[in-house]
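# Attaching a predicted model along with its sequence, questions to come.
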Amino acid sequence: MDIHNGSVYWPSTLPSKEPRHAPEKLEKYDVIIVGGGMSGSLTALAFVEAGLKVAVLDKRQMATGSTMANTGLLQYSNDIMLHELIDQIGEQEAVRFYQICYEAVNQLKMVAKRLPSSADFIMRPSICYASSEEDVPKIKKEYETLKKHGFPCDYWEQEELSKHMAFTKAGALVTYDDAEVNPYKFVNGVLDIIEEKGGHLFEFVEVQDVFTIDDQISVRTSVGEFSSSNIIYTTGYETVPVGNRIGADINRSYAMVTKPVDDFTQWHEHALIWETARPYLYVRTTAENRIIIGGLDEENAQAPQSLELIENRGEILLKKLQDLFPQYNLETDYVYGATFGESIDNLPFIGQHPTKEKHYYLLGYGGNGTVYSMLGSHILRDLIMIGHHPDAHLVELDRKYGVK
Ligand SMILES: Cc1cc2nc3c(=O)[nH]c(=O)nc-3n(C[C@H](O)[C@H](O)[C@H](O)COP(=O)(O)OP(=O)(O)OC[C@H]3O[C@@H](n4cnc5c(N)ncnc54)[C@H](O)[C@@H]3O)c2cc1C
């Protein structure tokens, strides 16, 4: 299955990657991770740094799954607003979830600092504008809720917004301490550290089945069997090799990347831009002075096959971008469509399988997937190494939605 199609931008920002040289496999690993994208690499890093013997297996070249389609916006706010999450799971749990997302952006910053050119990680504010007049009370309520719980944010009336940005909307929620990153550089850099620290990376190795014999996990793959004490599935939006995913909508989305733009006047601090409508449009700038715009989600799990369709969506995205920034001279350079997964309760699936011991999952669905990959890597490290993590219950699989 293709999980993205069209011309993807990030690979052009790194010299082309040769496949990694497969190491001699160990007789037994402490942890085997299935999937070498954002989730798998951050999880492997956490375990390698804790001194465990780790192997990552990926059926593709690593970092070329949905990680390569990721547009790299990192925010403490989520697709579900804090006041909505409070209605869903209660104040204490919802605020704690937002806090761990806030902390995860900072943890991503710490990892990025160790990588070449910091993987183009740059702190940015975010501007979430009201898509329509009717959404103003909603973002005002969100502003009040975030403020009450100590999250850094502002509310801008129409006039204030017009002073800072090229476009006019009825109001906007501004959040601080968010960031942008180049996810492809980030994951390739993390994988290099994992290798340097003795982690084993196996590309083009498909996991086909997993079974347990006498407390040992045996992993059947396209190149033979691997043995481990624990297994973690970080397989992104594709079918998990073991277990049934419950409560996720797998759809598809589009992104367009412009040619470099000379002048970013009327774009406050290169803020990340998004909106209250669902599905939403989102916009960011890049280290090469390009603009990325994404959205136009469709209810279809198949990444689009037709290049004509992808080009058409690229034209629509260009028009929407031009409407926001009429004075910019914009030209499309890259456009692609990709599979995109969202969980029904808007929370990621992270933790041990409810009945299969030593089988763990990190499936960070939703627009904030990278933040979930980060916080999930720490939760899983602690669950496996010390048996508990104080926030694990927020995202556990043993809820109405999860992996059964
Ligand atoms: C268009 C788009 C824009 C996005 N923008 C953002 C954004 O701005 N910010 C954000 O935080 N998130 C964003 N996301 C979400 C983000 O891309 C995902 O959260 C992230 O890529 C998930 O990483 P992952 O490692 O879980 O999945 P992947 O990168 O897909 O990695 C999973 C890996 O598992 C491997 N695999 C699967 N099955 C097997 C098997 N049986 N055996 C071996 N290997 C297997 C695959 O080959 C793949 O490499 C976006 C997603 C899309 C599609």
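On my side now, so go ahead.

# and this structure, which of its residues are near the ligand?
With the criterion set to CB under 6 Å from any ligand atom, the chain comes near the ligand through 34-40, 57-60, 65-67, 69-73, 206-207, 234-236, 238, 241, 253, 255, 294, 338, 340, 364, 367-371, 373. Yep, even glycine has a C-beta here, placed from its N, CA and C like the rest.

# Among those residues, which lie within strands?
Among the residues of the chain next to the ligand, the subset assigned to strands under DSSP state E consists of 34, 57, 73, 207, 253, 255, 294, 338, 340.

# can you put those residues in JSON lines and add neighbour count?
As requested, those are arranged in JSON lines below (neighbours: other CB atoms under 10 Å):
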{"residue": "34", "neighbour count": "25"}
{"residue": "57", "neighbour count": "26"}
{"residue": "73", "neighbour count": "24"}
{"residue": "207", "neighbour count": "22"}
{"residue": "253", "neighbour count": "24"}
{"residue": "255", "neighbour count": "25"}
{"residue": "294", "neighbour count": "26"}
{"residue": "338", "neighbour count": "25"}
{"residue": "340", "neighbour count": "26"}
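
# What remains of the residues of the chain next to the ligand if I keep only buried residues?
Members of the residues of the chain next to the ligand that pass the buried threshold by neighbour count (16 or more other CB atoms under 10 Å) are listed as 34-40, 57-60, 65-67, 69-73, 207, 234-236, 238, 241, 253, 255, 294, 338, 340, 364, 367-371, 373.

# Doesn't residue 336 lie inside a strand?
Yes: under the criterion used here (DSSP: H, G, I helix; E, B strand; the rest coil), residue 336 sits inside a strand.

# was I right about it contacting residue 6?
Yes: using CB atoms under 8 Å, residue 336 is in contact with residue 6, at 3.3 Å.

# can you list residues touching both of those two?
Shared between the contact lists of residue 336 and residue 6 (criterion: CB atoms under 8 Å, 6 or more residues apart in numbering) are residues residue 310.

# if I look at the residue in the stretch 101-250 of the chain positioned nearest to the ligand, how far off is residue 363?
Closest to the ligand within the stretch 101-250 of the chain is residue 236: 2.7 Å, counting by CB to the nearest ligand atom. Between residue 236 and residue 363 the distance, using CB to CB, to the nearest Å, works out to 7 Å.

# what about the helices in the stretch 251-400 of the chain?
Read by DSSP state H, counting those that start in this stretch, the stretch 251-400 of the chain holds these helices, from start to end of the chain: 307-324, 369-386.

# Can you read off the pLDDT for residue 1?
Confidence at residue 1, expressed as pLDDT, is 69.

# repeat for the one 10 residues further on
pLDDT recorded at residue 11 is 96.

# One more: residue 366?
The predicted local distance difference test score for residue 366 is 88.

# How about residue 121?
What the model reports for residue 121 is a pLDDT of 98.

# Skip the chain neighbours and tell me the closest residue to it.
Excluding its sequence neighbours, the residue lying closest to residue 121 (CB to CB, 6 or more residues apart in numbering) is residue 112, at 3.5 Å.

# Contacts only, for residue 113.
In this structure, residue 113 makes contact with residue 121, judged by CB under 8 Å, 6+ apart.

# Any chance of the backbone angles for it?
phi -60, psi -20 (degrees, to the nearest 10).

# and the gap between it and residue 105?
Residue 113 is 13 Å from residue 105, where distance means CB to CB.

# do the same with residue 225
Separation of residue 225 from residue 105 (CB to CB): 39 Å.

# higher neighbour count, those two?
residue 105 (22 against 11; other CB atoms under 10 Å).

# can you pull the buried residues of stretch 186-195?
Under the neighbour-count criterion of 16+ other CB under 10 Å, stretch 186-195 has 186, 187, 188, 189, 190, 191, 193, 194, 195 buried.

# Could you measure from residue 171 over to residue 85?
As for residue 171, its distance to residue 85 is 21 Å (criterion: CB to CB).

# Please read the previous query as pertaining to residue 401.
Distance from residue 401 to residue 85, by CB to CB: 14 Å.

# If you count surrounding residues, which of those two has more?
Between residue 401 and residue 85, counted using other CB under 10 Å, the more crowded position is residue 85 (22 against 16).

# quick one: residue 304 from residue 69, how far?
Noted for residue 304: a distance of 12 Å to residue 69, by CB to CB.

# brain fart, residue 245
Relative to residue 69, residue 245 is positioned 20 Å away (criterion: CB to CB).

# do residue 241 as well
For residue 241, the distance to residue 69 - CB to CB - is 21 Å.

# Ok, residue 394 next?
Taking CB to CB as the measure, residue 394 falls 27 Å from residue 69.

# Then residue 191 would be within a strand, right?
No: assessed by three-state DSSP, residue 191 does not belong to a strand; its assignment is helix.

# Now do the contacts for whatever residue of the stretch 301-404 of the chain ends up closest to the ligand.
For the stretch 301-404 of the chain, the residue closest to the ligand is residue 369, as judged by CB to the nearest ligand atom, at 1.8 Å. In this structure, residue 369 makes contact with 38, 39, 66, 70, 348, judged by CB under 8 Å, 6+ apart.

# Tell me, how many residues neighbour the last one?
Think residue 348. Residue 348 sits with 26 neighbouring residues when counted by other CB under 10 Å.
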